[in-house]
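[1] sequence? don't have it. structure:
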């Protein structure tokens, strides 16, 4: 009456397949968001490079440059894999347009980074002054709402 086990039963196999299916259903969307956040970090790095240039210009200039004359702009199509262009305005606000991510909610979206002379974020910096704080990813500055969830926590307004 000794029976030798020769493998898994159908029920055991079905349970394993169901568990794998559940894990995949949870992991794929999480990985997709993680990949999009990684792409957005490159977009923010483009703004960061421009941020340094603008801070130095504000501190040393006697008059602030016009829009797109801060020396850190990137023309359309001349950016990196995920950066279409970088533009600035006369107050030093940086606008970076994302591209090439393969996601229609991100491609063409804009991330903004804006300087302020005070921590309360009410005054624009003046020539010869300092930048007290930068506001990143705020819709009031022009950041696209579709990418807010893909920005790092340090860049959510």
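    Structure's in. What do you need? Everything numeric in this text was worked out from a predicted model, so none of it was measured.
[2] Where does pLDDT dip in this protein?
    Along the chain, the model assigns pLDDT under 70 to residues 1-2, 5, 157.
[3] From residue 144, how far off is the most centrally placed residue in the chain?
    For the chain, residue 40 is the residue whose C-alpha lies nearest the centre (C-alpha atoms, centre = their mean; 3.4 Å). Going from residue 40 to residue 144 by C-beta to C-beta, to the nearest Å gives 11 Å. Every C-beta, even on glycine, is put in place using the N, C-alpha and C of the backbone.
[4] Mutual contacts of those two, please.
    Shared contacts of residue 40 and residue 144 (C-beta atoms under 8 Å, 6 or more residues apart in numbering): residue 111.
[5] Can you tell me what sits against stretch 118-133?
    Under C-beta under 8 Å, 6+ apart, the answer for stretch 118-133 is 54-55, 58-64, 91-92, 115-117, 135.
[6] List just the nearest of the residues you listed to residue 16.
    Nearest to residue 16, judged by C-beta to C-beta, of the contacts of stretch 118-133 is residue 135 at 49.9 Å.
[7] which element is residue 56 on?
    Using DSSP states H and E, residue 56 sits in helix 10-60.
[8] Tell me how far that helix lies from the chain's centre.
    In terms of C-alpha atoms, centre = their mean, to the nearest Å, the centre of helix 10-60 is found 10 Å from the chain centre.
[9] now swap in stretch 55-66 and tell me
    Computed by C-alpha atoms, centre = their mean, the separation of stretch 55-66 from the middle of its chain amounts to 26 Å.
[10] Buried residues, that stretch. List them.
    Across stretch 55-66, burial judged by 16 or more other C-beta atoms under 10 Å covers 55, 57-58, 64-65.
[11] Can you check the distance spanned by it, start to finish?
    Length of stretch 55-66, first residue to last, C-alpha to C-alpha, to the nearest Å: 15 Å.
[12] Residues touching it, excluding its own?
    Residues from elsewhere that reach stretch 55-66 (C-beta under 8 Å, 6+ apart): 70-71, 90-92, 115, 125-131.
[13] how does it look with 6 Å?
    Outside stretch 55-66, the residues within contact range by C-beta atoms under 6 Å, 6 or more residues apart in numbering are 70, 90, 125, 127, 131.
[14] What count of nearby residues applies to the second one?
    Right, residue 90. Residues near residue 90, counting by other C-beta atoms under 10 Å, number 13.
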